[in-house]
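[1] Dropping the sequence and predicted coords here.
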Amino acid sequence: MEKKETLLLIDGFNLLSRCYFATAYGKEMHDLPRNSKGQFTNAIRVTIQKLLMLVREHEPTHITVAWDVKRDETLRREKYADYKGTRNELPEPLIQQFETLVELFDTIGISQLTIPRYEADDIIGTLVNRWRKEKDGECIIYSNDRDLLQLLCEKTSQLISIKRDEIKYTLSHFQEEYGITPLQWIDVKALLGDKSDNIPGVAGVGDKAALPLIQQYGAIEFIYENFETLDPKYKRYLKKLEAGRDMAILSKDLCTIFTDVPDLIEHDLEICKYELDKQAVREALQALEIQIRVG
């Protein structure tokens, strides 16, 4: 019986940065492990351990790692100059390990994608869309970024860390928790904004109002279309919603993940095909002087 195809989409910087900060916490740069060539290795070690675990547990037939471009080179920055404007610069050891990891993934044959002006979310969104249309198998997103919940469907789930556990968060989980469709998650985020991405949202509209408003009216456009007759229970938010109308519309645009990145429309999904070559991984890690049990 032929094995069912499974696509694993990895948000590269989300994984690498989590591995970096988990192992660099409370340490100075000179305390971080390096190999004899002076290359930092703390984040790479944990990233590869995680990758091997994902391959072992989920047995993907296809893998792609999506990488972000620099934040000032994105389409969203062109639309909103302050997009991601509050983020700190990345530490030098993290940047160096990103460059090393890209080379390592090339060496062991893992597909990687970076598309000018688009972010990793957009690459993931487009590949999710292609996969659901063209393939019968499952698609698994690996990222802790909850913006990606808008991509969930019957075929697509997301691996999310909650406290110390990692759960496979499905469409059913989402519907049970929020009572809306994944696409309506964009509207909730448009009202709430996003501090990490510096997306403004509507000032003064928080968790207590954002989700109920979308549950009741379906989308921010319908909230404003019915503004004069909004349910009285939202009376305290009327002035805030009115003042934040333009920001709500802008925020929805910024929160919407592209699912039609032009360079990926014709991308051959078979390029993502992957079969773990344990010996190749061992040799690549040995070259970096990283000792991990590959299996």
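    Everything's here; your move.

[2] Where do the helices of the stretch 1-150 of the chain begin and end?
    12-24, 42-58, 75-79, 92-107, 120-134 (DSSP state H, counting those that start in this stretch).

[3] Remind me what the shortest one packs against, helices and strands.
    If I follow you right, that is helix 75-79. Applying 3 or more C-beta pairs under 8 Å, 6 or more residues apart in numbering; DSSP states H and E, we find helix 75-79 packed against helix 245-255. Glycine gets a C-beta too; all of them are placed from N, C-alpha and C.

[4] how about the next helix or strand after the helix it packs on: buried residues?
    Using DSSP states H and E, the helix or strand that directly follows helix 245-255 along the chain is helix 278-287. By 16 or more other C-beta atoms under 10 Å, the buried positions in helix 278-287 come out as Val281, Arg282, Ala284, Leu285.

[5] what's the most buried one of the helices of the stretch 1-150 of the chain?
    Among the helices of the stretch 1-150 of the chain, helix 120-134 has the highest mean neighbour count (mean count of other C-beta atoms under 10 Å), at a mean of 22.

[6] which outside residues touch that helix?
    Contacts to helix 120-134, defined as C-beta atoms under 8 Å, 6 or more residues apart in numbering, come from residues 7, 9, 11-14, 64, 66-68, 113-115, 137, 139, 141, 143, 145, 147-148, 151, 153, 155-156, 257-261, 264-265, 267, 269, 272.

[7] Dump the C-alpha coordinates for that helix into PDB.
    The C-alpha trace of helix 120-134 is given here as PDB (Å, rounded to 0.1, in the frame of the first residue of the first chain):
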ATOM      1  CA  ALA A 120       7.400  33.100   5.600                       C
ATOM      2  CA  ASP A 121       3.600  33.100   6.500                       C
ATOM      3  CA  ASP A 122       2.800  34.000   2.900                       C
ATOM      4  CA  ILE A 123       5.000  31.100   1.500                       C
ATOM      5  CA  ILE A 124       3.300  28.800   4.000                       C
ATOM      6  CA  GLY A 125      -0.100  30.100   3.100                       C
ATOM      7  CA  THR A 126       0.400  29.600  -0.700                       C
ATOM      8  CA  LEU A 127       1.800  26.100  -0.200                       C
ATOM      9  CA  VAL A 128      -1.100  25.200   2.100                       C
ATOM     10  CA  ASN A 129      -3.500  26.400  -0.600                       C
ATOM     11  CA  ARG A 130      -1.700  24.500  -3.300                       C
ATOM     12  CA  TRP A 131      -1.600  21.300  -1.300                       C
ATOM     13  CA  ARG A 132      -5.300  21.400  -0.300                       C
ATOM     14  CA  LYS A 133      -6.200  21.800  -4.000                       C
ATOM     15  CA  GLU A 134      -3.800  19.300  -5.500                       C
END
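
[8] Now do that helix against helix 12-24, angle only.
    Note on geometry: by axes from the mean of the first three to the mean of the last three C-alpha atoms, to 10 degrees, helix 120-134 and helix 12-24 are set 130 degrees apart in direction.

[9] 865 is where my numbering starts, stick with that
    All set: I'll call the first residue 865, so the last point we hit is now helix 984-998.

[10] Give me the angle between helix 984-998 and helix 1109-1119.
    For helix 984-998 against helix 1109-1119, the angle by the same axes, to 10 degrees is 70 degrees.

[11] Quick check: mean pLDDT of helix 984-998?
    Throughout helix 984-998, pLDDT has a mean value of 97.

[12] what does stretch 1135-1146 give?
    The predicted model assigns stretch 1135-1146 a mean pLDDT of 95.

[13] Figure out how far that stretch is from the centre of its chain.
    Centroid displacement of stretch 1135-1146 relative to its chain, using C-alpha atoms, centre = their mean, to the nearest Å, is 23 Å.

[14] for stretch 953-960, same thing?
    With C-alpha atoms, centre = their mean as the basis, stretch 953-960 stands 19 Å off its chain's centre.

[15] next one: stretch 911-920
    With C-alpha atoms, centre = their mean, you get 17 Å for stretch 911-920.

[16] Residues contacting that stretch, please?
    872, 874, 879-880, 883, 924, 927, 965, 968, 1006, 1023, 1140, 1145, 1149, 1154, 1156, 1158-1159.

[17] Next: stretch 1097-1115.
    943-944, 1053-1055, 1057, 1063-1069, 1073, 1077, 1084, 1087-1088, 1091, 1094.

[18] One more pass at 6 Å, please.
    Contact with stretch 1097-1115 is made by Ala1054, Gly1057, Ile1063, Pro1064, Gly1065, Val1066, Ala1067, Gly1068, Val1069, Ala1073, Ile1084, as judged by C-beta atoms under 6 Å, 6 or more residues apart in numbering.
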